[in-house]
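Undergrad: sequence and predicted structure below; questions after.
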Amino acid sequence: MKSLMMQGTQILSTGSSVPDSSLSNDQISQIVETSDKWIVTRTGIKKRRLLTGSRKSVIDLAVVAALKALDKISMSALEIDLIILATSSPNDLFGSASQVQAQIKAFNAVAFDLTAACSGFVLAMVTASQFLQSGSYRTILVIGADVLSKWTNWSDRSTCILFGDGAGAMILQSCLKEFNQVLGFQLNTNGNHWNHLCLSYEEKINPHPILNVYQGSFKYISMNGKEVYKFAVSQVPLSILKCLHDLNITINDIDWLLLHQANERILTAVANKLSINANKIIVNLNNYGNTSAASIPLALDEALDQKQISNDDIIVISGFGAGLTWGTVIIQWKC
């Protein structure tokens, strides 16, 4: 019988993976009418990575990111109790986490997908921490991975300049409460505006002639950029402020602001609203674009590898996107 005594959550390691193939703004300008200057000015993105080649899927990236996280701490995959794969681009609509479990040989782990688009990794982190703090599981692998290049309309200038492919992983483990790193969280959803950013199912015009069942297929990503910008800039600071207030933490206590890497203008606007200095923003979207659920763990792993983050640093992490969903989780890094 598993213990139900409340525990803390510690982060053991991170890992990330991006495809080898890179697509620059100049290359995109050969596909649609745009330019490097236009894209950089409006988004901050200079290039993005694309998963090319036959039979490649989100699983390939997720597996590499997971194995890197395991390798950093010399942990066997058999020690993992649960795998949560945050993705909106599975290669199987029934779920892809189980295939990740099999490929990394984490045969003792339960595995499931979590779909919340660009907020996915934040929700997956929070979900994992609840399992750990309740004592239900001891070691959890959380992966954020997306290959939105497969769902991008490459003739739509408003979206094809934004998205890239990637994966990021994090291994969390239960610990004594005094060593807790996940300090608190705040989550939100507003389904009334789902259509501002979506990847919708479209029915065929005519039903099955006998069964009267309408079938169809999924379309490309659709986005109302102006509305998404307004949503993010107005709601994300409120989420962060509420989370800080609940924890009795001030803006001045923040060492790093790690937002979903959607658009550099959004990152700057949120920081300005919170009066957070620009040198505290973790940014890597210029090299990877918007990698959806992968963007936060990918940026965190890169910042850690570059030794930007120090022991006891307080990091405010916020994801936002399709749904519309958004949320904040605050962590204190322990080396």
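TA: Noted; the coordinates are in hand. Residues are numbered from 1 along each chain as shown.

Undergrad: can we go C-alpha only for contacts and neighbour counts from here?
TA: Will do.

Undergrad: and stretch 291-303, C-alpha only, in CSV?
TA: Only the C-alpha atoms of stretch 291-303 are listed here, as CSV (Å, rounded to 0.1, in the frame of the first residue of the first chain):
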residue,chain,number,x,y,z
THR,A,291,7.9,24.5,-30.2
SER,A,292,4.6,24.4,-28.3
ALA,A,293,4.8,22.0,-25.3
ALA,A,294,8.5,21.6,-25.8
SER,A,295,9.4,25.3,-25.5
ILE,A,296,9.7,25.6,-21.7
PRO,A,297,11.7,22.4,-21.0
LEU,A,298,13.9,23.1,-24.0
ALA,A,299,14.7,26.6,-22.9
LEU,A,300,15.2,25.5,-19.3
ASP,A,301,17.6,22.7,-20.3
GLU,A,302,19.6,25.0,-22.4
ALA,A,303,19.8,27.7,-19.7
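
Undergrad: may I see the buried residues of it?
TA: 291, 292, 293, 294, 295, 296, 297, 298, 299, 300, 301, 302 (16 or more other Cα atoms under 10 Å).

Undergrad: what separates the last one from residue 120, distance-wise?
TA: Distance, residue 302 to residue 120, using Cα to Cα, to the nearest Å: 19 Å.

Undergrad: now swap in residue 136 and tell me
TA: 21 Å.

Undergrad: so between those two, which is more surrounded?
TA: Taking neighbours as other Cα atoms under 10 Å, residue 136 and residue 120 compare with residue 120 leading, 32 against 18.

Undergrad: and the more buried one, what does it touch?
TA: For residue 120, the contact set (Cα atoms under 8 Å, 6 or more residues apart in numbering) comprises 86, 87, 114, 144, 292, 293, 319.

Undergrad: with residue 46 as the reference, measure out to it.
TA: 24 Å.

Undergrad: now the strands for the stretch 101-250 of the chain?
TA: 110-114, 139-147, 165-175, 182-189, 197-198, 201-203, 216-218, 222-223 (DSSP state E, counting those that start in this stretch).

Undergrad: dump those into a markdown table; add distance to residue 308, mean neighbour count and mean pLDDT as well.
TA: A markdown table is the format used below for the strands of the stretch 101-250 of the chain (distance: least, Cα to Cα, whole Å; neighbours: other Cα atoms under 10 Å; pLDDT from 0 to 100):
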| stretch | distance to residue 308 | mean neighbour count | mean pLDDT |
| --- | --- | --- | --- |
| strand 110-114 | 29 | 20 | 98 |
| strand 139-147 | 21 | 31 | 98 |
| strand 165-175 | 18 | 28 | 97 |
| strand 182-189 | 19 | 18 | 96 |
| strand 197-198 | 32 | 19 | 93 |
| strand 201-203 | 42 | 12 | 87 |
| strand 216-218 | 40 | 11 | 89 |
| strand 222-223 | 33 | 18 | 94 |
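
Undergrad: who wins for proximity to residue 278 among the ones you listed?
TA: Among the strands of the stretch 101-250 of the chain, the nearest to residue 278 by Cα to Cα is strand 182-189 (23.0 Å).

Undergrad: the inter-axis angle of the closest one versus strand 165-175?
TA: Interaxial angle, strand 182-189 versus strand 165-175 (axes from the mean of the first three to the mean of the last three Cα atoms, to 10 degrees): 130 degrees.

Undergrad: how is this structure partitioned into domains?
TA: Following automatic domain parsing, one gets these domains for the chain: 8-179, 182-196+221-332.

Undergrad: what helix or strand is residue 257 on?
TA: According to DSSP states H and E, residue 257 maps onto strand 256-259.

Undergrad: next, format the strands of the stretch 101-250 of the chain as CSV and append distance to residue 16.
TA: Shown next, in CSV, are those (distance: least, Cα to Cα, whole Å):
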stretch, distance to residue 16
strand 110-114, 18
strand 139-147, 9
strand 165-175, 4
strand 182-189, 20
strand 197-198, 26
strand 201-203, 30
strand 216-218, 28
strand 222-223, 27
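
Undergrad: correct me, but residue 219 touches residue 201?
TA: Yes: if you go by Cα atoms under 8 Å, residue 219 and residue 201 touch, sitting 6.1 Å apart.

Undergrad: thinking again about what came up before, how about the strands of the stretch 101-250 of the chain, which one is nearest residue 21?
TA: Once the strands of the stretch 101-250 of the chain are compared by Cα to Cα, strand 165-175 is nearest, at 9.9 Å.

Undergrad: worst-scoring helix or strand of the protein, pLDDT-wise?
TA: Least confident helix or strand of the chain, by mean pLDDT, DSSP states H and E, is strand 201-203 with a mean of 87.
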